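Enquirer: Make a model of this:
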Amino acid sequence: MHVQTGSQTEDYTVQLEIFEGPLDLLLHLIRQQEIDIYQIPIAQITDQYLHYLDKMKDLSITIAGDFLVMAATLIHIKSGMLLPAEPGSQMAEEVEQSRNELVERLLEHEKFKQAAQMLYERETVELSVWPPDDSEFEDQEKELISATVFDLVSAFHRMMERYKDQIVLEIQHEAVSLEEKLEEIRRLLTVQDEFLFSLFFQKKISRLHLAVTFVALLELTRLQEIQLVQKGLFEDIRIRAC
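Expert: This is a model prediction of the structure:
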């Protein structure tokens, strides 16, 4: 992906490790499929995990080493479960131990995430002053769920497919400034409280503009300038200022 920064054009890649980790991705996949953590279908989750890594590469996202380590772990467990092994054999015990260790790591990570979310919600309530007649708005807010970077990756691919007929052809040697996209999003949030992610796909702009917009959203998420929320899984993502 070529992004113009100042007077130079350079390849811009996103270091995903500054946003989320491999356990977050696994929890994201489990949440999407409404899977019981204790009954993870390893083959299915492994395939979906690797598919996500391919999606991230398509978006010029640099895959951190811990994502690759997790991929190797999942492939190892999947391979061991697919190979015939005698019950109680060393191989069967190793596979089961690796699977149990993964489940324990996921459960522990989920507890930390839930605790962090509770602290964030409590702080948000304490810092906010709610009018007495604002109960309807408060109920609507409770219906929203936080969206992750992985939700954003999924939404980007869904929108690219949905609006493919509206995406214009690339201009050769087209230069797109990341700084301009950052300012464009910031300006939008000064005139309205929130906007939908699909807004950018309705403007009939090029794939390069869309890709740089995606990078800009990731950057603003990293800087904690924006919040990503959804009404439900697979719903359009709402972008709002923090």
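Enquirer: Excluding chain neighbours, give the residue nearest to the most centrally placed residue in the chain in space.
Expert: For the chain, Phe150 is the residue whose C-alpha lies nearest the centre (Cα atoms, centre = their mean; 1.6 Å). Counting by Cβ to Cβ, 6 or more residues apart in numbering, the nearest residue to Phe150 once its immediate chain neighbours are dropped is His28, at 4.3 Å. Every C-beta, even on glycine, is put in place using the N, C-alpha and C of the backbone.
Enquirer: So that neighbour is in contact with Thr148, correct?
Expert: Yes - the pair formed by His28 and Thr148 meets the contact definition of Cβ atoms under 8 Å, at 5.7 Å.
Enquirer: SS state for Leu26?
Expert: At Leu26, secondary structure determined by DSSP: H, G, I helix; E, B strand; the rest coil is helix.
Enquirer: That one and Met70 touch, don't they?
Expert: Yes - with the criterion set as Cβ under 8 Å, Leu26 and Met70 qualify as a contacting pair; they are 7.3 Å apart.
Enquirer: shared neighbours of the two, which are they?
Expert: Counting by Cβ atoms under 8 Å, 6 or more residues apart in numbering, the common neighbours of Leu26 and Met70 are Tyr49.
Enquirer: hey, where'd the strands end up in the protein?
Expert: Listed from the start of the chain, the chain has strands (DSSP state E) covering 2-5, 8-11, 14-15, 61-62, 145-146, 194-196, 226-230, 238-241.
Enquirer: Would you mind measuring from Ile77 to Asn100?
Expert: Separation of Ile77 from Asn100 (Cβ to Cβ, to the nearest Å) stands at 10 Å.
Enquirer: Comparing these two, which residue is more hemmed in?
Expert: Comparing Ile77 with Asn100 by other Cβ atoms under 10 Å, the one with more neighbours is Ile77, at 23 against 11.
Enquirer: returning to what we had before: just checking, the residue nearest to the centre of the chain touches Tyr52?
Expert: Yes - using Cβ under 8 Å, Phe150 is in contact with Tyr52, at 6.8 Å.
Enquirer: Now the common contact residues for these two.
Expert: When contacts are counted by Cβ under 8 Å, 6+ apart, Phe150 and Tyr52 are jointly contacted by Leu25.
Enquirer: Run a quick neighbour tally on Val153.
Expert: Applying the criterion other Cβ under 10 Å, we find 22 residues in the vicinity of Val153.
Enquirer: I'd say it and Asp58 touch.
Expert: No - applying Cβ under 8 Å, one finds Val153 not in contact with Asp58, separated by 9.3 Å.
Enquirer: Can you give me the pLDDT of Gln117?
Expert: What the model reports for Gln117 is a pLDDT of 63.
Enquirer: Next: His51.
Expert: On the pLDDT scale, His51 is placed at 91.
Enquirer: what's the spacing between it and Ile237?
Expert: 20 Å.
Enquirer: quick one: which of those two has more around it?
Expert: Ile237 (21 against 11).
Enquirer: Next, the contact list for the more buried one, please.
Expert: With contact taken as Cβ under 8 Å, 6+ apart, Ile237 is in contact with Ala147, Asp151, Leu152, Ala155, Leu196, Phe197, Leu228, Val229, Gln230.
Enquirer: Go again with 7 Å.
Expert: By Cβ atoms under 7 Å, 6 or more residues apart in numbering, Ile237 lies in contact with Ala147, Asp151, Leu152, Ala155, Phe197, Leu228, Gln230.
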